[in-house]
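J.: okay, here's the prediction I keep looking at, along with the sequence it came from:
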Amino acid sequence: MSDHASRDDSAVADAQLIGRTLAGEPAAFGELVLRYQDRLYNSLLRLLGSAEDARDAVQDAFVQAFVKLDTFRGSSAFYTWLYRIAFNTAMSHARRQRPTRSLDEERTDRGREPVDMQPPPEARLDMSERATLVQRALAELCAEHREVIVLRELDGCKYEQIAEILELPVGTVRSRLFRARLELRDRLAPIVEINLTG
Amino acid sequence: MPGFETGDFDDELLSAYLDDELTPEERARVEERLAADPRARQLLEELRSVSRAMKELPRATLGADLRETVLRRAERAMLVPDERASAGGLNEVVRRIPFGRSKRAWFWAGAALAAGLMLMVFVREPGRNRDLPGEVARRESHVSGDRSSPLEMRSTDKAKESVDEIAAAPAASPPVAVSAPGSVSGRADSIGGAAGASAEMDASTVVSAAGEDLLVVHVNVKPEALQNRSIDAVFARNSIEVEAPAAEEEKSAEPSDIDVVLVEAAPAQILACMAELDADRSNYLGIAVDDELAANQQSRAAERPAEDLKRYNHGVVPRQQKVELAPNNNLYYPTDRGRVEIDRYLADENADESADESADESGRARQFLSRSTSSVANQGRAVRVAPQAAGQEYATNQEAAPTFGAEATSGYQQPAGAAADNLRGELNQNVARRAMQKLATKAEMLQVLFILSAEQPPASGPASPIPATSEPATSPSAEEGLKIDER
């Protein structure tokens, strides 16, 4: 999304696929699925914290996108539009499913090892441990913060795109992102300190 | 140097600075601040570190291709309002169907309309076709009240080359009801005229589609599943929509123990359908793939899609009839309740031109037909070809029959003259016919005739294996009725 040239190419290709789909060729939509499924999955996995939920959410998003494809006006990128659908669905689904439980609780319920609140000494933090720690910190954010962080850091969206996806003013995106980062900094203090000192 | 007060600087700018999301003025302010304030530099580094930690998260991938699942669910969502609503409360899109459904609906509407128009023409001008070039000579419709009496055999030498035998045809033309929409007469004599007049669709317009692959899949279905037409859901999940003209729906209100669906779809779609049928053994008790018809045809291509399909053979399939190839390259499937005939023809690319030249209604109908199919997307589709119960005999779409010009590109010498007329007489029988327009992409498509039967296998001893496809047809209707050997 940061590369303008490839984004333009990709937008043209997307538009063609959308046109073919609307003309009665569902297979063209299949190409769009293939094009974005992993990217969307990665984002939704970080957003929802569960592979199963993320997979379901990706499917739901594509199905919905297909159903309402003729409402896509092309004023934004298909990817942005798809993300709006996906995030809306995923978050409303998450709220509906477990309104009082955090993603963390959910994860623990699924039998995974809860991560020790006190991070291990820095020497023992390999990449996967770091990833676990980061994922956990992310899961502890409120949904509003998690959304902007995922879109910014994992998808590389510009503020404007995030604003479009989440239907927020750009200023709100900026302030949420800042507060989310501050919160993450506090939760990830050991890692952050490592980077600062090392 | 500007003041150092922390109060007038929003740390949020540091975060946006990191993302390169500042105006030039803001950026200048931040850089000024960073130069002067170690605490700001510290915070910026912390934010950068957080950002880096996030970006270091491994990229997760699905490890699966969601296309098929998504498209299957999407099609279902388009068809079932509930699912559509549950996909996100999208009631407002119930009316919007970007699936090409409407186009295909138009196709069948067009086909039905064309049939009706042509029938009207022929009914009004029964003798006109005699003057047309390329016509197949028409004889008076052979009418007999005796169903079992063999049809009089008349054949030219030319026809003999391709038709070894036409015997035991149920020659009766009892009063028939015409189901084609828009038809004005249901009387047998009118139908006779209509049949003869089908010669009007000369070979330059309609070319017989013999020589193409056609596989026959016999499926033993639980009666409930047959009545529910549960196979339609299997097709739908694989992007094959079963289209049936409304007129036929009315006719087939009576429960039937057989269901015949001609499917045209990509091999992968067919395979997926077969896999579903094979997996659902509670409803689909037996499957037998019969490619004898295809194998017997001349100039068989090296491709053997049947081999792929045959791996789904299982269970017990009831006594099955052979689908037979008639001399006109149509297909016959005798059933106890009547005969199913499927004619396959493809519209010539010049159909529009020839239709333009002829201002008659059939010309317009052809034109309409051609136009309405030209935009059909490369997607599987199917048409239900219902056999007609004995009490509901009627003929449809007689006029849409392919004609047998010598220039037809099939492997067959086309019957002509009286033999063809015999054939036409037979076509007046209780035959349900539907035309399958060939798609522009036909080379990639496979035609499969699904014959679903709820008939229980003979209760003799252990379940018999799948009957050999070479078994001769043994049904009473086949014996008493028409038997046309393929070459």
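T.: Yep, it's here. Everything numeric in this text was worked out from a predicted model, so none of it was measured.

J.: please count neighbours and contacts with C-alpha atoms only from this point.
T.: Will do.

J.: touching chain A at all, stretch B:264-277?
T.: No - shown here: stretch B:264-277 not in contact with chain A (CA under 8 Å from any CA of the partner chain), separated by at least 11.7 Å.

J.: can I get that stretch as PDB, trimmed to CA atoms?
T.: Provided in PDB are the C-alpha atoms of stretch B:264-277 (Å, rounded to 0.1, in the frame of the first residue of the first chain):
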ATOM      1  CA  GLU B 264     -22.700 -28.000 -18.900                       C
ATOM      2  CA  ALA B 265     -19.800 -26.900 -16.800                       C
ATOM      3  CA  ALA B 266     -16.100 -26.900 -16.500                       C
ATOM      4  CA  PRO B 267     -14.600 -30.300 -15.700                       C
ATOM      5  CA  ALA B 268     -13.500 -29.000 -12.300                       C
ATOM      6  CA  GLN B 269     -17.100 -28.100 -11.400                       C
ATOM      7  CA  ILE B 270     -18.300 -31.500 -12.500                       C
ATOM      8  CA  LEU B 271     -15.700 -33.200 -10.500                       C
ATOM      9  CA  ALA B 272     -16.600 -31.100  -7.400                       C
ATOM     10  CA  CYS B 273     -20.300 -32.100  -7.900                       C
ATOM     11  CA  MET B 274     -19.300 -35.700  -8.200                       C
ATOM     12  CA  ALA B 275     -17.300 -35.500  -5.000                       C
ATOM     13  CA  GLU B 276     -20.200 -34.000  -3.200                       C
ATOM     14  CA  LEU B 277     -22.500 -36.700  -4.400                       C
END
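
J.: the residue in the stretch 151-300 of chain B that chain A sits nearest to in helix, strand or coil?
T.: Closest to chain A within the stretch 151-300 of chain B is B:S239: 8.3 Å, counting by CA to the nearest CA. Under DSSP: H, G, I helix; E, B strand; the rest coil, the three-state class of B:S239 is coil.

J.: now B:I287
T.: strand.

J.: count the residues that sit near it.
T.: By the criterion of other CA atoms under 10 Å in any protein chain shown, B:I287 has 29 neighbours.

J.: which strand residues bridge it?
T.: B:V219, B:H314 (DSSP bridges).

J.: the residue of the stretch 151-300 of chain B closest to chain A is in contact with B:R72, isn't it?
T.: Yes - using CA atoms under 8 Å, B:S239 is in contact with B:R72, at 6.9 Å.

J.: the two - which one has more neighbours?
T.: Comparing B:S239 with B:R72 by other CA under 10 Å, the one with more neighbours is B:S239, at 24 against 20.

J.: any idea how far A:L45 is from A:D56?
T.: Distance check for A:L45 against A:D56: by CA to CA, to the nearest Å, it reads 10 Å.

J.: quick one on the thing from earlier: okay, the residue of the stretch 151-300 of chain B closest to chain A: pLDDT?
T.: The model reports B:S239 with a pLDDT of 79.

J.: now B:S190
T.: B:S190 carries a pLDDT score of 30 in this model.

J.: helices of chain A, residue ranges please.
T.: A:4-22, A:26-48, A:51-67, A:78-97, A:103-109, A:127-140, A:143-149, A:159-166, A:170-187, A:189-197 (DSSP state H).

J.: in the third one, what counts as buried?
T.: Looking back up the chat, that one is helix A:51-67. A:51, A:53-55, A:57-67 (16 or more other CA atoms under 10 Å in any protein chain shown).

J.: what does the first one give?
T.: Buried residues in helix A:4-22, counting neighbours by 16+ other CA under 10 Å, are found at A:10-11, A:14-15, A:17-22.

J.: of the residues you listed, which is the nearest to B:C273?
T.: Within those, the smallest distance to B:C273 is 22.2 Å, found for A:T21 (CA to CA).

J.: so who does B:V289 touch?
T.: B:215-218, B:306, B:309-310, B:313 (CA atoms under 8 Å, 6 or more residues apart in numbering or on different chains).

J.: before I go, just wanted to say thanks for your time.
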